[in-house]
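Q: Here's a sequence, model it:
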Amino acid sequence: MNTKIKVQLSFMMFLEFFIWGGWFVTLGTFLGDNLKATGGEIAQAFSTQSWGAIIAPFIIGLIADRYFNAERILGVLHLLGAGLMYFMYGSESFGMFYPYVLGYMILYMPTLALVNSISFNQMKNPAKEFSFVRVFGTIGWIASGLLISYIFLWDSPESRADGMLKNTFLMVAIASALLGLFSFTLPKTPPRVSKDEKVTISGLLGLDALKLLKDKNFLIFFISSVLICIPLAFYYQNANPFLSEIGVSNPTGKMTIGQISEVLFMLLLPYFFKKFGFKKTILVGMLAWTIRYMLFAYGNAGEFTFMLLIGIALHGICYDFFFVSGQIYTDTKAGEKYKSAAQGLITLATYGVGMLVGFWIAGKITDTYLLDDGGHTWQTIWMYPASFAFLVFIIFALTFKNEKIEYKQ
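A: Down below sits the predicted model:
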């Protein structure tokens, strides 16, 4: 790639994840503080991510891959998303807010695949070139958190009391409009398949890869992937409200430690793969979820703040060692014939079904331990995902037979 295209793609990735991180991290806190939403209602809002993940393959497979250039669809989706973000900014009740956030996530989730398609189309060697471009997405997520906490101070107790956290949606609306307009300047990425080519529902959802479930090891991995998304949902839904409620300063900014660790542990992943193999690497990722939630359960905003920060920093191990390792394992097991279908199936099962169930459970448990003063019994709440993650760890350790997987960079 020439320098101009590399800069364009990097800026595209920066904005794509700046947008996601700029409102999704603080969503639970905003809904509880500004709209007085219950745990169940907050779970409904977060579940829109899962509905978006389930619907996204249809938008990509039926429209983007067949009729229009990817960069144009990206532009239209983000311009529409900017409008919905503005309506979310002006919402005064959960009933008003929910249709907008559902519509927004149905529009946003397909853009995650589109930015990848646009990037890959410009690369001669994606295995080597993509990581440089993709890291700017993580930088964008970090930048949004630092802006919210340290520049605008929207998540401080005083600003939250004044309802200032809603400004995150206005910030993201502006960023989304910017990316929408910028998308039309991106390199052309024409449709990948002929509009006359036959399309099937099973192909769009990756169901053609269900044949892989006949392999016992892959079946165990598949089930474990769905189950581990249940404790993952607790982190997305509850971490920021938890930190804000117990009085941790600049909670959104501190949560960016998780994205910084994600970059660092991504660099360490090849070493772990080579040294310890797939099974041990993924078990470390599972165990990290249990340790993280135990740290959350017993940490506090005083002398044990370091426990909370360590718990946040474990995000790199939690995510990279399980999900990225899982993507590599899936790629290896699927082979050329089912490679795309298998990745689509895993995404549908985890971000779709697994997290949909996880958000619902997290909402129910959070409501169960709501106190009369509006606070929560957080220690008890965090013990649920900690215990569940450890149960998945034990099941996987006992049932998955070790096999050699080659890590290809």
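Q: mind giving me the domain split of the chain?
A: The chain breaks down into these structural domains: 1-187, 203-409 (assignment by automatic domain parsing).
Q: Rebuild those domains as a markdown table, extending it with mean pLDDT.
A: Output for the domains of the chain, formatted as a markdown table (pLDDT from 0 to 100):
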| stretch | mean pLDDT |
| --- | --- |
| domain 1-187 | 93 |
| domain 203-409 | 91 |
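Q: export the ones you listed to CSV and tack on mean neighbour count?
A: For every residue, glycine as well, the C-beta is placed using N, CA and C. Shown next, in CSV, are those (neighbours: other Cβ atoms under 10 Å):
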stretch, mean neighbour count
domain 1-187, 20
domain 203-409, 19
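Q: right, and the helix or strand after the longest helix anywhere in the chain?
A: When the chain is parsed with DSSP state H, its longest helix is helix 257-298. Toward the C-terminus, helix 257-298 is succeeded by helix 305-313 as the next helix or strand (DSSP states H and E).
Q: angle of that following helix against helix 257-298?
A: Taking axes from the mean of the first three to the mean of the last three Cα atoms, to 10 degrees, one finds that helix 305-313 is oriented at 130 degrees with respect to helix 257-298.
Q: by contact count, what packs against helix 305-313?
A: For helix 305-313, the elements it packs on are helix 251-255, helix 257-298, judged by 3 or more Cβ pairs under 8 Å, 6 or more residues apart in numbering; DSSP states H and E.
Q: want to throw those helices into a markdown table with distance to residue 92?
A: Converted to a markdown table, the helices and strands packed on helix 305-313 look like this (distance: least, Cβ to Cβ, whole Å):
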| stretch | distance to residue 92 |
| --- | --- |
| helix 251-255 | 23 |
| helix 257-298 | 31 |
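Q: where along the stretch 1-150 of the chain do the helices fall?
A: Read by DSSP state H, counting those that start in this stretch, the stretch 1-150 of the chain holds these helices, from start to end of the chain: 3-24, 27-34, 39-59, 70-89, 94-121, 126-146.
Q: Which one, of the ones you listed, ends up nearest to residue 318?
A: Within these, the stretch nearest residue 318 is helix 126-146; the backing value is 14.9 Å (Cβ to Cβ).
Q: packing partners for the closest one?
A: helix 3-24, helix 94-121, helix 251-255, helix 257-298.
Q: one more time with 10 Å
A: helix 3-24, helix 94-121, helix 167-183, helix 251-255, helix 257-298 (3 or more Cβ pairs under 10 Å, 6 or more residues apart in numbering; DSSP states H and E).
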